[in-house]
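>>> sequence plus the predicted model coming up.
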Amino acid sequence: MNYRLSTLFGLGASAILTVLILVGSRNLQNFDSALFGYTVASVIAFGALIFRYALWLQRPATRTYWKRGWQIYLKREKFVQNTGIAAKTFAGNILAQSFILKRGFKRWLMHFLIMWGCIISAMITFPLVFGWVHFELEGDIGYRAYLFGFPLQLMQGRSITAWLTFHALDITAIMVLVGCGIAIHRRLHDRGAIALQQFLLDFVPHLMLIAISVSGLMLTASSLWFDGYMYHFIALTHQATVIMTLFYLPFGKLFHIVQRPASLGVELYRKRSPEMQQAECPRCRTEFSAQIWVDDLNKVIEKLGFDYTLPDGTKLQDHCPQCKRIMRGISYANLPDVNEPVFLGVRAEESKEEVQTKDNV
Amino acid sequence: MKETMFIDPQRCIGCRSCVAACRECSTHKGYSMIFVDNIDRRESTATMPTVCMHCVEPTCALVCPADAIKVSEDGVVMSALKPRCLDCRNCVNACPFGVPKYNTEMHLQMKCDMCFDRTSEGLKPMCASVCPTGAISFGSYEQIVPLRRTKPVNAHTFGEQSVETNVYLMLPTDAENVEVDGCGVFEGRIAVDEESDGQESWMDELAGETNKSNEF
Ligand code: HEM
Ligand code: HEM
Ligand code: SF4
Ligand code: SF4
């Protein structure tokens, strides 16, 4: 593992985000200094996330897939078609996540609510925190939003759009709460999940998301109905839980948010495979994958320090999974000397002669 | 790993009770993760049951680009973590024993995890609890040795590569490991028929075996 390279990437990412914040908020002119804590935490967490991503890309298998995925995507003759495939995969697997639906409806609903709740919240809060978006009151009519300091359309104060805009975070908070509720319910009742789960890996993410959402909703409640009672304290709690979650991102279960888009590359590789030269299992002659895929895998296995070369020069992994099992079965079946008493299922105490006579029968 | 599996293919009668029982496991409900393969259907009724051998240095986990395959504290190699697995099939084709399965629609790998939901509560794995012949047993090394004439061994050699596993295979007393060094011919063969190359029987389909590439 090359930690130095990953560290450089991480620091670079933090630096770029800092510059973007400076530029996007017009030199901090639109920046709300009360949100300084959030900003610093975001910059550090972003660097850590990129650091972790760069480390992850150094795994031999990940690197191979990463390179091959881009190579296949950027093929000039197929570029347009590839973009189409990738866009379709993006819609199905990342936006709608139909593959989780195949794993189960409750799972899908849970994830859909958590994921969209979090993504929409992030799309609202980060630009506000970084000063990329801010609102200005215009007389009695309503608000005007500014993006990177450029004015957008005027919004009527009492319109549905305005209501939705200012309550979007309440809606997403409820989505996240329902999603996490389903997830925790499942984790407390599903035997398989109970056996496999660990508190730190499987419950902590949900508990943190719940803490964020509840504290957020309490902010709204405080300002709407309780005249800002304890507002400052609740805001600090919200900030603390958000920052903890941001720091948890690169290391825990939530790392899949940045890792998962790699499935676009894997999927493209799969879709393009049938056009490539196919690898044939040397034993049963079934075509089971693309040849370059098998070659890539063999290279990865070699890089990891394994040597599965067989005496006939092929690699074990050139064979289809079923033949690998049968080859081992045959080697096992050929092990015993047929004259050994144990092979005939006879107690060793019995004499060799007896065995011989049985053999003749 | 104090208690583990002991596989004695010689005792396997190909009844596939284990295949059916495996579907009941809570960690992969409805899908069987165990294999029972006929080693040479035309020449012999011999079958080979294959479960995950829980390698000490699991090839499957090392080739996973998503780092999705984790090993438990006492050496059980787990199914892929559900949020991570990209269904890339590296593990499926890298495993020297041909164990992991995948599903294209779910974008998911699953494999034998020694019935983690059961063994972590002191129960036997599904397959071991139903096997009528003791071809699949579960227990400690000390328990199994006095019961059998065969010897538990946890070493395989695939060509140049030796693989140490947490699951044992019961071998004749004079054998030290299983050497897989090619496609192999079953020595019990009576006639070698050049024409038909390993045709499958309708029985294989009846028994609900997976396709050759391990899709479940
Ligand atoms: C799961 C994700 C999140 C949910 C559900 C959520 C929810 C909420 C809600 C409901 C409010 C109250 C809004 C109002 O009173 O009008 C709020 C306020 C706020 N949130 Fe979040 N939030 C989330 C994530 C974040 C993140 C990632 C950040 C920062 C990067 C953030 C920063 C803020 C800020 C700065 C406020 C204003 C509170 C203040 O006055 O200090 N939130 N949030
Ligand atoms: C803000 C974005 C996201 C958040 C907060 C999030 C959160 C979570 C959480 C908390 C879990 C664990 C659920 C459990 O207890 O089992 C989970 C599982 C999962 N996530 Fe995400 N996720 C996000 C984005 C994504 C994306 C973009 C993908 C990929 C398309 C994805 C794929 C998955 C998968 C496959 C699982 C496993 C579901 C299962 O148990 O079958 N997630 N996610
Ligand atoms: S037998 Fe295969 S699936 Fe099981 S641990 Fe070893 S490499 Fe992994
Ligand atoms: S199929 Fe899933 S578990 Fe297997 S190597 Fe690929 S990402 Fe890892």
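Arrived safely. Ligands and ions are numbered 1, 2, ... in the order given.

>>> need the nearest residue in space to whichever residue of chain B sits closest to ligand 1, chain neighbours excluded.
Nearest residue of chain B to ligand 1: B:Pro83, at 17.1 Å (Cβ to the nearest ligand atom). Where you see a C-beta, it was placed from the backbone N, CA and C, and this is true even at glycine. In space, B:Pro83 comes closest to A:His256 once its chain neighbours are excluded; the distance is 4.1 Å by Cβ to Cβ, 6 or more residues apart in numbering or on different chains.

>>> and if you look at A:Met218?
Excluding the flanking residues, the one nearest A:Met218 by Cβ to Cβ, 6+ apart is A:Ile234, at 4.9 Å.

>>> A:Trp56 too?
Excluding the flanking residues, the one nearest A:Trp56 by Cβ to Cβ, 6+ apart is A:Thr62, at 6.0 Å.

>>> could you do A:Ile100 as well?
Closest to A:Ile100 by Cβ to Cβ, 6+ apart is A:Trp108, at 4.5 Å.

>>> quick check, that neighbour in contact with A:Ile114.
No - judged on Cβ atoms under 8 Å, A:Trp108 makes no contact with A:Ile114 at a distance of 10.9 Å.

>>> the two: who's more crowded?
Taking neighbours as other Cβ atoms under 10 Å in any protein chain shown, A:Trp108 and A:Ile114 compare with A:Ile114 leading, 21 against 17.

>>> dump the residue contacts of the more buried one.
By Cβ atoms under 8 Å, 6 or more residues apart in numbering or on different chains, the residues touching A:Ile114 are A:175-176, A:179-180, A:183, A:209.

>>> nearest to ligand 2, of those?
Of all the contacts of A:Ile114, A:Ala183 has the smallest distance to ligand 2: 4.1 Å, by Cβ to the nearest ligand atom.

>>> how deep is that closest one tucked in, by neighbour count?
Residues near A:Ala183, counting by other Cβ under 10 Å, number 22.

>>> can you give me how far stretch A:258-270 is from the chain middle?
From the chain centre to the centre of stretch A:258-270 is a distance of 10 Å (Cα atoms, centre = their mean, to the nearest Å).

>>> that stretch near ligand 4 anywhere?
No - using Cβ under 6 Å from any ligand atom, stretch A:258-270 never reaches ligand 4; the gap is at least 7.8 Å.

>>> coming back round to it: mind pulling up the pLDDT for the residue nearest to B:Pro83?
Looking at A:His256, its pLDDT is 94.

>>> before we move on, what about B:Pro9?
On pLDDT, B:Pro9 comes in at 93.

>>> go on, the one 4 residues further on?
Per-residue pLDDT puts B:Ile13 at 93.

>>> ditto for the one 3 residues further on
Taken from the predicted model, the pLDDT recorded for B:Arg16 is 90.

>>> swap in A:Glu349?
Listed pLDDT for A:Glu349 reads 52.

>>> then A:Asp140?
Turning to A:Asp140, the model gives it a pLDDT of 75.

>>> am I right that it is in a helix?
No - secondary structure of A:Asp140 (DSSP: H, G, I helix; E, B strand; the rest coil): coil, not part of a helix.

>>> tell me the contacts of residue 105?
Let's take chain A. Contacts of A:Phe105 (Cβ under 8 Å, 6+ apart): none.

>>> not quite, I wanted chain B
Applying Cβ under 8 Å, 6+ apart to B:Glu105 gives the contacts A:99, A:102.

>>> from A:Ala240, how far off is whichever residue of the stretch 1-150 of chain A sits closest to ligand 4?
Residue nearest to ligand 4 within the stretch 1-150 of chain A: A:Ala61 (7.0 Å; Cβ to the nearest ligand atom). Here the criterion is Cβ to Cβ, to the nearest Å. By it, A:Ala61 lies 38 Å from A:Ala240.

>>> who has more neighbours out of the two?
Set A:Ala61 next to A:Ala240 and count neighbours by other Cβ under 10 Å: A:Ala61 wins out with 24 against 15.

>>> which stretches of the chain have low pLDDT?
Answering for chain A, as no chain was given. Low-confidence segments of chain A, defined by pLDDT under 70: A:337-361.

>>> looking at chain B here, not the other one
Ranges of chain B meeting pLDDT under 70: B:187-210.

>>> pretty sure the residue nearest to A:Met218 sits against A:Leu219.
Yes - at 5.3 Å, A:Ile234 and A:Leu219 qualify as touching, with contact defined as Cβ under 8 Å.

>>> pull the longest strand from chain B.
When chain B is scanned for its longest strand (criterion: DSSP state E), the result is strand B:161-171.

>>> helix or strand right after that one?
strand B:178-180 (DSSP states H and E).

>>> which residue is the nearest non-sequential neighbour of A:Leu49?
In space, and not counting its chain neighbours, A:Leu49 is closest to A:Pro250: 4.7 Å by Cβ to Cβ, 6+ apart.

>>> the one you found belongs to a helix?
No - according to three-state DSSP, A:Pro250 belongs to no helix; its state is coil.

>>> surely it is in contact with A:Leu55?
No - A:Pro250 is beyond contact range of A:Leu55, at 9.4 Å (criterion: Cβ under 8 Å).

>>> skip the chain neighbours and tell me the closest residue to A:Leu188.
A:Ile194 is the one closest to A:Leu188 (Cβ to Cβ, 6+ apart), at 7.5 Å.

>>> A:Ser215: neighbour count?
For A:Ser215, using other Cβ under 10 Å, the count is 20.

>>> name the element A:Phe31 belongs to?
With elements taken from DSSP H and E, nothing contains A:Phe31; it lies in neither a helix nor a strand.

>>> surely it touches A:Tyr38?
No - shown here, A:Phe31 and A:Tyr38 do not form a contact pair, counting by Cβ under 8 Å, at 11.0 Å.

>>> go ahead and flag the most central residue of chain A.
The structure's chain A has its C-alpha centroid closest to A:His256; by Cα atoms, centre = their mean the separation is 2.0 Å.

>>> now do the contacts for B:Asn154.
Going by Cβ under 8 Å, 6+ apart, B:Asn154 touches B:53, B:164-169.

>>> can you pull the phi/psi pair for it?
Main-chain torsions, B:Asn154, degrees, to the nearest 10: phi -120, psi 30.

>>> cool, the one 5 residues further on as well?
Phi and psi for B:Gly159, reported as degrees, to the nearest 10, are phi 60, psi -120.
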